[in-house]
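Asks: pasting the structure only:
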């Protein structure tokens, strides 16, 4: 496969996954903002939404304050944000057009139909909760449709493996960021861990990654920060956990190495991170610092993305 084709497939998958993630962040922030004041207190959910999306610097260049209107506009439609939902869909469709013959009909239909449907939505129309809910459902369904069509219709060859690498690299980054921001940004300083606000915030975070039901299936008890972290970091059964993402990354990189007859820095970096996750214990992570662990992971994940680019996509 040409490196240009592999690069387009890799980033096509990443941008679709990123758009879905942004929709989940907006949904979680809206749910927290709508809590009664007795529960919500003085939480800063809109600031945390921008921080979780990783675009705080760009946001505060364009806006003085994080409010519902400014954050939703910036994360959903703003041309000043190269990672807004609209920008993600536009770049994804451009990449899809470039590799149209490498996609199945179902994959192309999913991304092309999403781009056409997106033109029906405007930032001004999302001020009403019903319209916002419809928009976020559309974005999440697009992600599920594209991901599902790739899984069910693509030939298991290098095109599929590069696409899955894009999904999992992006998904791991997103899960790590949402966990880190919750633990260090979202909870106001005056609030107590384990209080009512803390409970509703963890619940919203689990809903944002479709893990609330999974949490109760696995742990069968009320929400506890260290158990939420265990689920999202170390539990292989949770599809969005860091461990599950890296299990998939290692498997797909190994498939590429077998197909191309050689291994390289990407395989070694992925295995090192996977081994670190396999050997980690949540008690040790909290003792040494969750923020430090997640920050190191995000750095390693970015390095792996760069290693994949250098090894295969340039």
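Replies: Nice, thanks for sending it over. This is a predicted model, so every value here is computed, not measured. Numbering: from 1, shown residues only.
Asks: Let's verify residue 75: helix, strand, or coil?
Replies: Classification of residue 75 using DSSP: H, G, I helix; E, B strand; the rest coil returns helix.
Asks: And for it, the neighbour number?
Replies: Neighbours of residue 75 under the rule other CB atoms under 10 Å: 25. Every C-beta, even on glycine, is put in place using the N, C-alpha and C of the backbone.
Asks: if I read this right, it contacts residue 25, doesn't it?
Replies: Yes. Look at residue 75 against residue 25 with CB atoms under 8 Å: they come within range, at 7.0 Å.
Asks: Please enumerate the shared neighbours of these two.
Replies: Taking CB atoms under 8 Å, 6 or more residues apart in numbering as the contact rule, residue 75 and residue 25 both touch 49, 53.
Asks: show me the contacts for residue 304.
Replies: Counted by CB under 8 Å, 6+ apart, residue 304 has contacts 169, 249, 266, 269, 270, 273.
Asks: Please narrow those to those residing in helices.
Replies: Taking DSSP state H, the ones among the contacts of residue 304 that sit in helices are 169, 249, 266, 269, 270, 273.
Asks: what's in contact with the helix or strand containing residue 150?
Replies: Taking DSSP states H and E as the criterion, residue 150 maps to helix 129-153. Contacting residues not belonging to helix 129-153 are listed as 13, 16-17, 19-20, 22-24, 26-27, 30, 34, 72, 76, 85, 89, 104-107, 109-111, 114, 117, 121, 125-126, 160, 163-164, 167 [CB under 8 Å, 6+ apart].
Asks: that older thread, I'd like to know which of the contacts of residue 304 is nearest to residue 279.
Replies: Closest approach between these and residue 279, by CB to CB: residue 273, at 11.1 Å.
Asks: what's the distance between the closest one and residue 158?
Replies: Distance, residue 273 to residue 158, using CB to CB, to the nearest Å: 22 Å.
Asks: So between those two, which is more surrounded?
Replies: Set side by side, residue 273 and residue 158 show more neighbours around residue 273, with 22 against 19, by other CB under 10 Å.
Asks: give the contact list for that one.
Replies: Going by CB under 8 Å, 6+ apart, residue 273 touches 246, 297, 300, 301, 304.
Asks: Would you convert the residues you listed into CSV that also reports distance to residue 176?
Replies: Shown next, in CSV, are those (distance: CB to CB, whole Å):
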residue, distance to residue 176
246, 11
297, 5
300, 10
301, 7
304, 13
